[in-house]
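Asks: fold the following and give me the result.
(one chain, ligands or ions: 2)
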Amino acid sequence: MALLVSSWSNGVQSVPQDYVMPPERRPGDFVSVCKDIPVINLQNDRSEIVQQILKACQEFGLFQVVNHGVSEELMADMRNLYDEFFNMPIEDKLSVYSESFGKGCTLYTSGLNYAKEDFHYWKDTLKHGCLPLEEHSPSWPDKPARYREEVGRYVVEVRKMAFNILDIIGEGLGLNKGYFNRVSQEQAMAINHYPPCPDPSLAMGIGGHTDPNLITFLQQDQYGLQIQKDEKWMGIDPIPNAFVVNLGHQLKIISNDTLKSAEHRGVTNSTASRTSIVTFFGPNPGLPVLIEPAKELVTSSNPQVFKSFQYNDFISNYMAFIRKPLPRDGTPLDLYRL
Ligand SMILES: O=C(O)CCC(=O)C(=O)O
Ligand SMILES: [Fe+2]
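Replies: Residues are numbered from 1 along each chain as shown. Ligands and ions are numbered 1, 2, ... in the order given. Alright, predicted model coming up:
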């Protein structure tokens, strides 16, 4: 418990040595918010949205959506719930606390394995599975008391939005409606909390990575998320009530490399805490799920770029890759390229 950044950082005047990143892993030169990253209004004309989303996926692998169907009230409830959760006394968090990332519902700090890290990340994370609710919700925190009821509603609303957006992406690619259903059965959440940091130029909230799953939806309350494009980091505007949608490795693979997946990271700031509420969709890693480029997208002019593989095999290799010390060569996709 003593390890949680939120339990010791209040009022600290300098960044403790084991949180001072080596220079190449620090946020680096000033990064400005990029206004070119598309913000798509899902109430606009369907054919316009399909084209906008397709273009955003090809160019950035990331976009924001507004008027997405998840109620603003529920989004505000989530912000309040997690503010309360991270501010609760330590005793109230004990039932979900763990010293490292693990299976089930876990509140952990920094990266995947605190004990083995050379340097720690300035973040605490609560993560858990979502569906089926009856299976997962008993493991969720029992405090605040409304947790299970409110998050239960959020899970359902976010799922509706996600399936709508996946159908729009499928339509843009020329795939049948429901094409992604088979590979988006798993829904999980991570709530990342980054307390104010006395010197954000020395620390890192979450290091650069691409999500291993299919697609991710992120609700944020403060600036801090950045993506890398053409070897430059760019900031994502924290638009109230928008979701940031970023593509994971599986969408890049299934699209036969026609869509991008976004490399992203999270930086800290010195004045306000930041919380990102993240929902991941992807294949169920506990079941055999075959992943391969969609047959419809493999043609003589666009030959197959990735092999067929089992998702659980990919996840094992991905975890091994991200546990390697930095700097790492290559990407987790290299093993699967033809
Ligand atoms: O906190 C953020 O903005 C990024 C979080 C993230 O990338 C993740 O949880 O995978
Ligand atoms: Fe991520």
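Asks: would you map the helices across the stretch 1-150 of the chain?
Replies: Here the stretch 1-150 of the chain has its helices, by DSSP state H, counting those that start in this stretch, at 5-8, 46-59, 72-87, 133-136, 147-173.
Asks: please name whichever of those is nearest to S276.
Replies: For the helices of the stretch 1-150 of the chain, proximity to S276 was assessed by C-beta to C-beta; helix 72-87 is nearest, at 9.4 Å. Glycine gets a C-beta too; all of them are placed from N, C-alpha and C.
Asks: Q228 is in contact with K260, isn't it?
Replies: No: with contact defined as C-beta atoms under 8 Å, Q228 does not reach K260; the gap is 10.7 Å.
Asks: more neighbours, those two?
Replies: A direct count of neighbours by other C-beta atoms under 10 Å for Q228 and K260 places K260 higher, at 21 against 15.
Asks: which residue packs closest to the more buried one, ignoring adjacent ones?
Replies: Sequence neighbours aside, G61 is the residue nearest to K260 in space, at 3.3 Å (criterion: C-beta to C-beta, 6 or more residues apart in numbering).
Asks: what distance do you get for the residue lying closest to G282 once chain neighbours are set aside to L326?
Replies: The shortest distance from G282 to any non-neighbouring residue, by C-beta to C-beta, 6+ apart, is to N213 (2.9 Å). Separation of N213 from L326 (C-beta to C-beta, to the nearest Å) stands at 22 Å.
Asks: between these two, which is the more surrounded one?
Replies: Neighbours per residue (other C-beta under 10 Å) separate N213 from L326, with N213 holding more: 26 against 13.
Asks: what lies in contact with stretch 131-144?
Replies: Contacting residues not belonging to stretch 131-144 are listed as 81, 84-85, 88, 92-93, 95-96, 104-105, 107, 126, 128-130, 147-148, 151-152, 155, 159, 185-187 [C-beta atoms under 8 Å, 6 or more residues apart in numbering].
Asks: for the stretch 201-338 of the chain, what lies in contact range of ligand 1?
Replies: Residues of the stretch 201-338 of the chain found near ligand 1 (C-beta under 6 Å from any ligand atom) are I206, D211, L218, Q220, G224, L225, H264, G266, S276, V278.
Asks: what's the farthest-apart pair in those residues?
Replies: Every pair of these checked by C-beta to C-beta; the farthest is D211 and G224, at 16.4 Å.
Asks: just the buried ones from the contacts of stretch 131-144?
Replies: Taking 16 or more other C-beta atoms under 10 Å as the criterion, what is buried in the contacts of stretch 131-144 is 81, 85, 93, 96, 105, 107, 126, 128-130, 147-148, 151, 155, 159, 186-187.
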